[in-house]
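> Fold the following for me, if possible:
(one chain, ligands or ions: 1)
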Amino acid sequence: MKCVALCGGVGGAKLALGLSHVLSGENLTLIVNTGDDFTHLGLHISPDLDTVMYTLSGLANAQQGWGRAGETWAFMAALRKLGGEDWFQLGDLDLATHVERTRRLAAGEPLSHITRDFFASLGVGARVLPMSDDPVRTIIHTPRGELAFQHYFVRDKCAPAVTGFSFAGSEQAAPAPGILQALGDPDLGCVIICPSNPFVSINPILAVPGIRAALKTVRAPVIAVSPIVGGRAIKGPTAKMMYELGIPQTAEAVAAHYDGLLDGFILDETDSALAQQLETTGLVCATAQSVMHTEQDRVELARNVLDFAAKR
Ligand code: FO1
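Numbering: from 1, shown residues only. Coordinates of the predicted model:
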């Protein structure tokens, strides 16, 4: 089955890995959030693309969720000694990715070409597309003003309350080459919205003109996997954001967030009562073990999502 999946960083990459085990490379297209991208120390950093790249190539630091396994930190130590900014950790191995990407972007190459080449170099068969070649930057609104995403997420450890989000540059952005073609493919079997943060991982993708509209008209079923399990986020600040925005911290609220896009919704098996309740509203639901601790969990969830999609 041909599948397109939308994903952000750590949570999304886990399901993306499962999908990459179940589907052959030519049948899997991943559209990855680049709203978290930023320029740091003169380098272009694409955290979600890199998390997906390291996860799918087996190079990821599994405990941390981001960055590379077996990393060393000599660069950071030397930078700190010079009084440089050290709130964002760039490992020595990871640095090569940022330096080479920055060099190629400066030479005028689009992010999608560089991404294609990097993934191929690391032996990943799936087609991985940044959501856009144009810069889109997620801005977090707080009572004390606006924060660039990585300042909110890493430097300030998600502590500021959020009042809203914007995606600077999104109005002028175009979907990266291949995205609308993948969504318009008559053989497409399903679109999966990974259990990534709906506000800061999936919404930036949907903010790129043309992508939301393509999802609304796509013939294949669109299936989301809830990132909220038993009222808590599987990973990261999703539940905290919902609380601060006055949205109930439930899988049901996630489904409502994607209103008008979904043909099916997968909740964790511990939320089966909620799944039954949601079905009465007309949304077709399934439950699965969606908390992915092991590689086997990722593959199992991918199989369950694809089986569910095949029946829609
Ligand atoms: N996340 C952190 O919490 N602290 C870091 O120092 C950090 C460095 C980092 C470097 C490269 C990279 O690709 C990702 C990195 N991340 C770090 C992860 C990243 O900021 C977030 O997980 C995502 O942006 C949210 O999806």
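
> tell me which parts of the stretch 101-250 of the chain are close to the ligand?
Within reach of the ligand by C-beta under 6 Å from any ligand atom, the stretch 101-250 of the chain has these residues: 150, 153-154. Placement of C-beta: from N, CA and C, glycine included.

> Looking from the ligand, tell me which residue of this protein is nearest.
G9 (2.8 Å; C-beta to the nearest ligand atom).

> In contact with that residue, which residues are there?
33, 36, 47-48, 51-52, 65-66, 196, 201 (C-beta atoms under 8 Å, 6 or more residues apart in numbering).

> Apply 7 Å and report the result again.
Contacts here follow C-beta atoms under 7 Å, 6 or more residues apart in numbering; on that basis G9 touches 47-48, 51, 66, 201.

> next one: E244
161-162.

> Give me the buried positions along the lengthiest helix in the chain.
If each helix of the chain is counted by residues according to DSSP state H, the longest one is helix 295-311. Buried residues in helix 295-311, counted by 16 or more other C-beta atoms under 10 Å: 297-302, 304-306, 308-309.

> The helix or strand of the chain with the lowest mean pLDDT pairs with which strands?
Every helix and strand of the chain was ranked by mean pLDDT, DSSP states H and E. The lowest is strand 232-233, at a mean of 84. Partner strands for strand 232-233, per DSSP bridges, with pairing direction: strand 228-229 (antiparallel).

> D187: what's its closest spatial neighbour, skipping adjacent residues?
Leaving out its chain neighbours, the residue that sits closest to D187 by C-beta to C-beta, 6 or more residues apart in numbering is K2, at 5.3 Å.

> surely that neighbour meets L183?
No. Contact criterion C-beta atoms under 7 Å: K2 and L183 do not qualify, at 10.7 Å.

> Spit out the contact partners of E71.
Contacts of E71 by C-beta under 7 Å, 6+ apart are 61, 91-94.

> Out of the residues you listed, which sit inside helices?
If you go by DSSP H, those have 92-94 in helices.

> per-residue pLDDT, R101?
For R101, the pLDDT comes out at 98.

> Any figure for the gap between the residue nearest to D187 and A96?
For K2, the distance to A96 (C-beta to C-beta, to the nearest Å) stands at 33 Å.

> what's the answer for H293, then?
Separation of H293 from A96 (C-beta to C-beta): 30 Å.

> For this protein, which segments are assigned as strands?
Ranges of strands within the chain are 2-7, 28-32, 38-40, 43-45, 127-130, 137-142, 145-148, 164-168, 188-193, 222-225, 228-229, 232-233, 264-268, 285-288, based on DSSP state E.
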